[in-house]
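I'll drop the sequence and a predicted model, then ask my questions.
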Amino acid sequence: MSIQPSELGIDMTPPLPKTPRPIVGFGSGGIITDAHLPAYGKAGFPHVGIYDPNQEKAEQAAKAWGIPNVCKTPEELVELGKAEKAVFDVAVPASEIINILPQLPEGSGVLIQKPMGESLEEARKILNICRERNLTAGVNFQLRQAPFMRAAKQMMDKGLLGEVHDVEMRVVCQTPWNLWSFLFEKERMEVNYHSIHYIDAVRHFLGDPSSVYCKTMGHPKMTELAQTRSAIIMDYGDMVRANVATNHGHDYAPDEQECFFKLEGTKGAIKIQIGVILNYPKGAEDQFKYALDDGKGWRTLSIEGTWFPDAFVGPMGGLQKKMEDPAFNYENSVEDAWRTMCVVESCYKSSASKGTPVDYQP
């Protein structure tokens, strides 16, 4: 049985400004061409300028998406942003964020691609720069803005699931990490660049955990990467289970890959297949199934849009709405992102602690 969102009183429309502002962007990598630019085009956000150290890539992106200005230096892009009263879209390696933010005009709007730095120390510096320069700033933790996640959050907030007591994110897939060559240099890889999405999503549904238990590890067939698998427990007390489990090295059969987000409550449950992760980059279809305590069994909720590119509308749209209305609750704010980075830092500390030794003495 397929149910329309309107039947449950659900509206998956992301936050949008009344009047879209121009956008100028640092970076023209795959995340820009595959997600940012398609999402902004879909939403009607005008993108007026782009800069990348690789001018050829910037020119290709500009040609493909009708961006009128390809800037030759970061300074030229900043000046263009000033002239256009634009929002800055910063999609660069996390280690470069700190160098870019001080160049932006005070009081600017800026959307920063995740993660919020390579470490909590860098995240703290980013947060302080944003505060000191009065930037309206967000971090692009966009999974929480995916249409299926917006639908699930609204169902939970409406009380349709009752008291949510079990949240699980499970990924078993073969990820082609060669598509992101810069990750091979990172000491902190899987949690900081992938599972961070799921940590942020769990926080979005359950709030801040009191503590975490984590083990992140490599793979014998992917020794060039620091980590490709993680097991994370987010502690919300004795009645709530919140787990993130990822294995990016399952290379035996695409049909046996898994990627799902599951919520269970005292009155109902939701299970979402996140298709983009499966057999990446080809992907598979999303599936949204739910069951309520009404004896009608599992049903399918019809969802329009997916993670890539639709989820990327929300962080930019919400940022621009926040600039129009300072009272708007911007879910992707840099202040909220800081708290996700705090959880990530605790995951690495937990993993480094090696767990509790087992005493086998009789």
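Perfect, thanks for sending it.

how does this structure divide into domains?
14-140, 144-312 (automatic domain parsing).

so which of those is nearest residue 321?
domain 14-140 (4.8 Å; C-beta to C-beta). For every residue, glycine as well, the C-beta is placed using N, CA and C.

let me know how buried residue 64 is, in neighbour terms.
Residues lying near residue 64 (other C-beta atoms under 10 Å) number 12.

residue 361 is nearest to which of the domains of the chain?
Nearest of these (C-beta to C-beta): domain 144-312, 24.3 Å.

work out for me the element the spatially closest residue to residue 102 that is not a sequence neighbour sits within.
Spatial nearest neighbour of residue 102, chain neighbours left out: residue 129 (6.1 Å); criterion: C-beta to C-beta, 6 or more residues apart in numbering. Assigning secondary structure by DSSP states H and E places residue 129 in helix 120-132.

determine the set of other helices and strands touching that helix.
If contacts are counted by 3 or more C-beta pairs under 8 Å, 6 or more residues apart in numbering; DSSP states H and E, helix 120-132 sits against helix 97-100, helix 334-352.

and the helices in the stretch 51-200 of the chain?
Using DSSP state H, counting those that start in this stretch, the helices of the stretch 51-200 of the chain run over 55-65, 74-84, 97-100, 120-132, 147-157, 190, 196-206.

hey, which of the ones you listed is tucked in deepest?
The highest mean neighbour count among the helices of the stretch 51-200 of the chain, using mean count of other C-beta atoms under 10 Å, belongs to helix 190: a mean of 26.

report the distance from it to the chain centre.
Chain-centre distance of helix 190: 14 Å, with C-alpha atoms, centre = their mean, to the nearest Å.

what residues does it touch?
Applying C-beta atoms under 8 Å, 6 or more residues apart in numbering, the external contacts of helix 190 come out as 216, 225-230, 246, 248.

tell me which of those residues fall in strands.
If you go by DSSP state E, these have 216, 229-230, 246 in strands.

now distance to residue 356 and mean pLDDT too, for the domains of the chain, in a markdown table please.
Listed next are those as a markdown table, based on distance: least, C-beta to C-beta, whole Å; pLDDT from 0 to 100:
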| stretch | distance to residue 356 | mean pLDDT |
| --- | --- | --- |
| domain 14-140 | 24 | 97 |
| domain 144-312 | 10 | 96 |
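
with distance to residue 5 added, can I get those domains in CSV?
Shown next, in CSV, are the domains of the chain (distance: least, C-beta to C-beta, whole Å):
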stretch, distance to residue 5
domain 14-140, 14
domain 144-312, 6
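
which one of those lies closest to residue 354?
Here domain 144-312 is closest among the domains of the chain (C-beta to C-beta), at 8.8 Å.

now do the closest one: distance from first to last residue.
10 Å (C-alpha to C-alpha, to the nearest Å).

can you check stretch 185-199 too?
The first and last residues of stretch 185-199 sit 23 Å apart, counting by C-alpha to C-alpha.

tell me where the stretch 151-300 of the chain has strands.
In the stretch 151-300 of the chain, the strands defined using DSSP state E, counting those that start in this stretch lie at 164-172, 211-217, 229-235, 241-247, 258-265, 268-273, 287-292, 299-301.

how much does the second one deviate in direction from helix 334-352?
Which is strand 211-217. Angle between the axes of strand 211-217 and helix 334-352 is 60 degrees (criterion: axes from the mean of the first three to the mean of the last three C-alpha atoms, to 10 degrees).

fine by me, we can end here.
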